[in-house]
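**Q** just a sequence and a predicted model for now, questions to come.
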Amino acid sequence: MKITIDNLGVVRHIEFDTQKPLSLFCGPNSTGKTYVSYVLYSMFGIVNEIIGWEGDPTSLKDWIEDKEYANYIGSILGVSDEFVDARFSNLKINVSVPDFNNIIYNYPKAVMLTVERNSLYTFKTELSISRNILIDKMMALKDKSNVYLSEMLMSNSRRYPMAVSDSLREAYDLLNIQKIKGIFYDVATILEQTLLRGRVDVTQSGDIEFIVGNNVHLPIQVSSSIVKTLSSLIIYLKYIAKNGDTLFIDEPEMNLHPDNQILLARIFAQMVNMGIKLVISTHSDYIIREFNNLIMANELKLRDNNSWQDYGYTEDMLLNQEKVSVKYFKPNKESDMVDVNDIEVNAYGFAIDSIDDAITLQNDISNEFGNTLNYDYGV
């Protein structure tokens, strides 16, 4: 399925292919990457709801062509109608589905780990307020035979964007979610052992704790920042993830030292090769460079050169360049809009100019200052 978005705030135009195994959103701050991720994420959930209502391709096709989706943008982004009128009045969203009959039975699930994930489990109790409001609305209806879940959710509070609210609902239901181990449980264990050196677990009261050392149990509130950041990803992999899922992650590098960012990039590649599609927004040079290393290592393998094995890489980490899509969000100074450009991915990987330029400039300044101190002052 291909999704085309026009005039989403500052974003002029973007085309997104849901079948690409790894998609990267890169570019300066405040260029619309998060808004695009919110909208793309919501498409999966809303279309799944429509499929559940009717179960036939005609209703889905009609709904998309009528562009009703754009009416929900305030709830999707968690903004007021006034803000929608001011910033999204020209929004257009189109979806191209080559085989409606196939999508009815094989439409994937999407999960989004937003930047709020580092505090997700510490303020989840606030969800009970929204939950009670939703129940009250349902009970007040005289005719409950045609209650559609998404309609109820869309009429709910806009305190948070849809992706954040969905994450809160899952956090509230951890006791039920953790009853069955998922097929990616072992990947979560590798993540725990490699980056956390401990274990993320669900308590009998449905809270998250971190178990470390000699069986020391730490509440999530007093755990380290890396545990808070990665706990939602670990819970997803342990209990929720399924083949064919699309996982959106906003700034996975948050709170991670460079060496852990590199290790996380390798685990992401393993997830992609195991069947989870990833959509990642990142500013991390370390993650980008490691993806490039994995692409080059794969090219070496294809050429029967095994030198990549000398650096600790395993075959399940290697990335085929055909699996990777990179979109660069570039501000257009003449129009105050953002152009989203496709970056070429080849056997050497890809380059993000804004990151490379910033690093080069900083290195040049450091070298200039160092040389001046050395030659002029003998420091």
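**A** Now that the structure is in, tell me what you want to look at.

**Q** quick one, longest strand in this structure?
**A** In the chain, taking DSSP state E as the definition, the longest strand is strand 324-332.

**Q** tell me the strands beside that one, with direction?
**A** Using DSSP bridges, the strands paired with strand 324-332 are strand 22-26 (parallel), strand 337-343 (antiparallel).

**Q** CA atoms only: put it into CSV for me.
**A** Taking Å, rounded to 0.1, in the frame of the first residue of the first chain, the C-alpha atoms of strand 324-332 are listed here in CSV:
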residue,chain,number,x,y,z
VAL,A,324,16.1,0.5,3.1
SER,A,325,14.3,3.7,2.2
VAL,A,326,15.6,7.1,3.4
LYS,A,327,13.6,10.3,3.4
TYR,A,328,15.2,13.6,4.1
PHE,A,329,13.0,16.5,5.4
LYS,A,330,14.6,19.6,4.0
PRO,A,331,13.4,23.1,4.8
ASN,A,332,12.7,25.3,1.8
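
**Q** pLDDT (mean, whole number) over that strand?
**A** The pLDDT scores in strand 324-332 average 96.

**Q** cool, stretch 366-379 as well?
**A** For stretch 366-379, the per-residue pLDDT averages 87.

**Q** residue 213 against residue 199, yeah?
**A** No - using C-beta atoms under 8 Å, residue 213 makes no contact with residue 199, being 10.7 Å away. Every residue, glycine included, has its C-beta placed from N, CA and C.

**Q** I would like the residues contacting the helix or strand where residue 278 lies, please.
**A** With secondary structure defined by DSSP states H and E, residue 278 is part of strand 277-281. Under the contact criterion C-beta atoms under 8 Å, 6 or more residues apart in numbering, strand 277-281 has outside partners 18-26, 33-34, 37, 40, 108, 244-252, 268, 271-272, 287.

**Q** give me the angle between it and strand 22-26.
**A** 10 degrees (axes from the mean of the first three to the mean of the last three C-alpha atoms, to 10 degrees).

**Q** parallel or antiparallel, list what pairs with strand 277-281.
**A** In the sheet, strand 277-281 lines up with strand 22-26 (parallel), strand 246-250 (parallel) (DSSP bridges).

**Q** out of these, nearest to residue 302?
**A** Nearest to residue 302 among the strands paired with strand 277-281 is strand 22-26 (17.8 Å), distances taken as C-beta to C-beta.
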